[in-house]
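*Asks:* got a predicted structure plus its sequence, pasted below:
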Amino acid sequence: MKRRAFLRLATVGAASAALPAWRLHAAGTPAAAGKDKPNVLFIAIDDLNDWTGCLGGHPDTKTPHLDALAARGALFTNEHCAAPLCNPSRAALMSGLGPATTGVYNNTNPWRKSVALAQAVTLPQHFMANGYKAIGSGKIYHGSYPDPASWDDYHPSKTQTVPPTTRPPRVPMNGLQDVGNLDWGPMPFGDDEMGDWKVASWCIEQLKQKHDKPLFLACGFSKPHLPWYVPQKYFDMFPLEGVHLPVVKEGDLDDVPPAGQKVAAPRDHLNLVRHDQWRQAVQGYLATIAFCDAMVGRMVEGLDRSPLARETLVVLWSDHGWHLGEKLHWRKFTPWEEATRNILAFAVPGVTKAGGRCDRPASHLDIYPTLAELCGLPPREGLDGTSLLPWLKDPAAPSDRAVVSTVGRALHSVRSQRWRYIRYPDGTEELYDHDKDPNEWTNLAKDAQFDAVKKDLARRLPTTDAAEIERDAGEIERAKKQLKRKAVTAGPLPPSLALAWDD
């Protein structure tokens, strides 16, 4: 790090340790509406795995702005998504309810049509109900299912949430015809024609304005989601001959159950290797991460220059991870570390200390209760997550937690501090010891000496079955209709039943 950047970061850290301009309700007592509540800058990133400097996921990655933001406060190095694909991950984070509770397992599930989420109070709605103005731009919910009710204002609109990006004149840019949207290439224009630039610009302008309420400002960056089209200068940062490939074990799927081998879907990997395009694809992902990092840098600089800087806490997250050949897989949709691990960082004046790193397990489901407690909002009952405030104050605080990621209805992955346990719908299993096997190369599930470990982790598996909730709700509605039909011919209901009709 250059001396100037180091001094600037040190200054930020000192400011974070000072008393904030707003009164923090760290004990969780609700704050009255008004200026004693902090603003929230809520930064989301799409498809970013652990290829950041602060998480050490790839030796070539260049993420100085992400790293500097993470260094302002507490970085959770063992944080995992509720589901390793966009829609269920974001629906879980924004509602505080996991896929096994809601039945939102796939990108094709309209999350507001879930029985559990039809009337759910989302994270920004909870802030709005407690005196906040909730606004945003970019990808926060999955693009197919925006939620206009969650916002006072949104850019470009509450239904078209992502500004347009100029498209390349010819696709696929990489010349491959058999890998779907797995495409990449340098764009012949500047940053300002990218949708994420427009998102950051709009959000920065909001920080300059006067607001009559404390602000919940959501800034959703779409990159590094596919396709990896970013300006040429970001590709130039990673000369092809110097790009390192992920370390992949030959035969890595040999000890994975057949159900897991189907999840791995190695077709993309075999095609890229056959066309000698693996290194080029890695270059494209690194370039797109570097572009995203620059946009985060713009956003944070905009905050620092704004009049709201000292009254704003920042939370940074990515929706899930991404494979680039590990387990012979590309994309997300898997129960392994590459798909579930994310970046999660909080910079909270008066609470977090600069440079905090917490290796305790954490989940996307924890973000809702954590922000509510930090901002003195009333806690919401029935959420699936846990407030991370104890670990924001002391990253080394003890924890016996394990967190769950869900892939489809009956495939769950449990991550503790040391272990990852996976159970497939057919009952087959995987178990990995991260103290000795951080790449998850050796499946220990069939070794009897680890039966107690599996039993302990298995008790963390979801006990709620969303399909049963949906089925029960349907039966209740059918029963109500049947009773109503009978009531028409039988006359008025007795008072005791009439009082209970809507229960």
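*Replies:* It's in. Numbering: from 1, shown residues only.
*Asks:* so for stretch 334-347, what's the average pLDDT?
*Replies:* Averaged over stretch 334-347, pLDDT sits at 98.
*Asks:* which one is the residue sitting nearest the centre point of the chain nearest to, not counting chain neighbours?
*Replies:* Nearest to the geometric centre of the chain sits residue 319, at 2.5 Å (CA atoms, centre = their mean). In space, residue 319 comes closest to residue 89 once its chain neighbours are excluded; the distance is 4.5 Å by CB to CB, 6 or more residues apart in numbering. For every residue, glycine as well, the C-beta is placed using N, CA and C.
*Asks:* doesn't the one you found belong to a helix?
*Replies:* Yes: under DSSP: H, G, I helix; E, B strand; the rest coil, residue 89 falls within a helix.
*Asks:* and for it, the neighbour number?
*Replies:* 28 (other CB atoms under 10 Å).
*Asks:* all helices for the stretch 1-150 of the chain, in order.
*Replies:* Assignment of helices within the stretch 1-150 of the chain using DSSP state H, counting those that start in this stretch yields the ranges 3-17, 64-72, 86-95, 99-102, 123-128.
*Asks:* ranking those helices by mean pLDDT, which is last?
*Replies:* Minimum mean pLDDT among those: helix 3-17, a mean of 36.
*Asks:* in stretch 171-181, what's buried?
*Replies:* For stretch 171-181, burial by neighbour count (16 or more other CB atoms under 10 Å) applies to 172, 173, 174, 176, 179.
*Asks:* please enumerate the helices of the stretch 151-300 of the chain.
*Replies:* Using DSSP H, counting those that start in this stretch, helices in the stretch 151-300 of the chain cover 195-208, 232-236, 258-264, 267-274, 278-305.
*Asks:* looking at these, spot the one closest to residue 225.
*Replies:* helix 278-305 (8.3 Å; CB to CB).
*Asks:* list the buried residues of that closest one.
*Replies:* Within helix 278-305, the residues that qualify as buried are 278-300, 302-303, counting by 16+ other CB under 10 Å.
*Asks:* and residue 346, that's in a helix?
*Replies:* No: assignment of residue 346 by three-state DSSP gives strand, placing it outside any helix.
*Asks:* Provide a list of residues in contact with it.
*Replies:* Residues counted as contacts of residue 346 (CB atoms under 8 Å, 6 or more residues apart in numbering) are 73, 74, 313, 314, 315, 316, 352, 370, 374, 388, 392.
*Asks:* out of these, which sit inside strands?
*Replies:* Counting by DSSP state E, the part of the contacts of residue 346 found in strands is 74, 313, 314, 315, 316.
*Asks:* just list the residues touching the fourth one, thanks.
*Replies:* By CB under 8 Å, 6+ apart, the residues touching residue 315 are 40, 41, 42, 43, 344, 345, 346, 347, 367, 371.
*Asks:* again with residue 401
*Replies:* Neighbour list for residue 401: 360, 361, 362, 386, 416 [criterion: CB under 8 Å, 6+ apart].
*Asks:* so which of the residues you listed is the closest to residue 78?
*Replies:* For those, the nearest to residue 78 is residue 361 (5.2 Å; CB to CB).
*Asks:* ok, that closest one - contacts?
*Replies:* 78, 79, 80, 399, 401, 402, 403, 415, 416, 417.
*Asks:* all set, thanks.
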